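S.K.: heads up, no residue letters with this:
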């Protein structure tokens with residue numbers, strides 16, 4: 001389990017909502033230790049000081065340039081690009097992406113480094129960016145404290161089970177705390193049940209949205225692993241033996257066979273397999289944003305091109321993809337009907 005922070009411009013002091021929260025006394029709040037098992041995704045708004053802002057394209061101009069779409073994160077008022085990025089921030093921002101995800105555990109990517117880069121190098125309008133990162137020790141009560149102190153606007157969860165999210169929500173409501181607004185979950189063509197069955201129920205009940213990661217299944221859906229592990233690929237690196245074993249397993253071979261069939265669909269649509277896979281994730285209305293990772297500019301621009309593929313995913317194409325995958329999950333309600 002992890003936790004994320006969302007940053008926005010905070011030069012004017014705490015917001016009115018934050019001031020209202022600061023005036024409330026939480027006498028009935030549970031102790032931090034009581035809920036120590038909860039770790040969270042905190043959405044933090046931190047003052048970065050005065051920025052030397054240069055001319056930056058407006059959101060509408062960026063959206064017109066690439067067709068980028070913006071969605072609310074769950075039922076909150078936070079608007080994020082439907083594609084989020086961890087790296088190559090300048091190029092991404094110029095193409096309409098306003099959501100950047102980082103964590104201490106990402107290779108060469110510390111939250112502090114990201115903040116410094118945004119503060120002094122890029123010269124974007126700070127208020128137009130949404131930045132998420134992870135912390136690992138906070139509880140529902142601690143997240144409420146972070147928000148009440150004006151350091152965060154929202155918080156959410158990462159890799160939590162639906163039961164844990166619901167428990168956190170119940171604790172927040174019972175003790176007048178602030179509940180999470182989203183869950184970061186793995187979602188791709190070979191990992192579907194949580195995002196397609198479990199999270200929609202939470203969205204309708206308590207308004208928790210979905211921010212998904214790994215749309216290419218750690219590169220498996222990129223098409224570069226065709227029964228082998230190329231040199232310098234992620235699966236060939238130290239520490240990724242689990243990924244190599246997964247690719248070379250019997251299940252991995254079956255997945256590669258399905259990808260060849262999906263490649264034919266991608267060619268009919270005039271796109272690449274990664275673009276089809278990302279667009280397939282975006283076609284889910286319950287997904288607020290899909291987090292991308294890119295190692296070079298060509299890969300980034302290819303991934304952004306998935307926005308143009310999204311309108312081509314008709315119901316017949318989606319049904320064809322589901323037939324090839326053969327793993328469409330069904331809820332208990334679907335079985336009863």
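M.R.: Received the coordinates, thanks. Note that the structure is predicted; figures quoted are calculated from it, not measured.

S.K.: list the neighbouring strands of whichever strand or helix holds residue 156 plus their orientation.
M.R.: Using DSSP states H and E, residue 156 falls within strand 152-158. With DSSP bridges as the test, strand 152-158 is paired with strand 2-3 (antiparallel), strand 41-44 (antiparallel), strand 182-186 (parallel).

S.K.: who's in contact with the last one?
M.R.: Translated: strand 182-186. Residues from elsewhere that reach strand 182-186 (CB atoms under 8 Å, 6 or more residues apart in numbering): 2, 4, 41, 73-74, 76, 154, 156-160, 165, 194-195, 199, 202, 208-214, 288, 291. C-betas here are computed from N, CA, C, even on glycine.

S.K.: so where's the stretch 201-337 of the chain shaky on pLDDT?
M.R.: By pLDDT under 70, the weakly predicted segments of the stretch 201-337 of the chain are 333-337.

S.K.: in it, which spans are strands?
M.R.: All strands of the stretch 201-337 of the chain, identified by DSSP state E, counting those that start in this stretch, fall at 209-213, 287-292.

S.K.: re earlier: show me which residues of the strand holding residue 156 are buried.
M.R.: 152-158 (16 or more other CB atoms under 10 Å).

S.K.: which of those residues lies closest to residue 173?
M.R.: Comparing those against residue 173 with CB to CB picks out residue 155 as the nearest, at 14.8 Å.

S.K.: separation between that closest one and residue 329?
M.R.: Separation of residue 155 from residue 329 (CB to CB, to the nearest Å): 28 Å.

S.K.: cool, residue 213 as well?
M.R.: 18 Å.

S.K.: of the two, who's got more company?
M.R.: residue 213 (20 against 12; other CB atoms under 10 Å).

S.K.: and the more buried one, what does it touch?
M.R.: So residue 213 contacts 101, 184-187, 290-291 (CB under 8 Å, 6+ apart).

S.K.: quick one, which of the contacts of strand 182-186 are buried?
M.R.: Judged by 16+ other CB under 10 Å, buried ones among the contacts of strand 182-186: 2, 4, 41, 73-74, 76, 154, 156-160, 165, 194-195, 199, 202, 208-214, 288, 291.

S.K.: list the contacts of stretch 326-334.
M.R.: Contact with stretch 326-334 is made by 190, 192-193, 196-197, 201, 258, 322, as judged by CB under 8 Å, 6+ apart.
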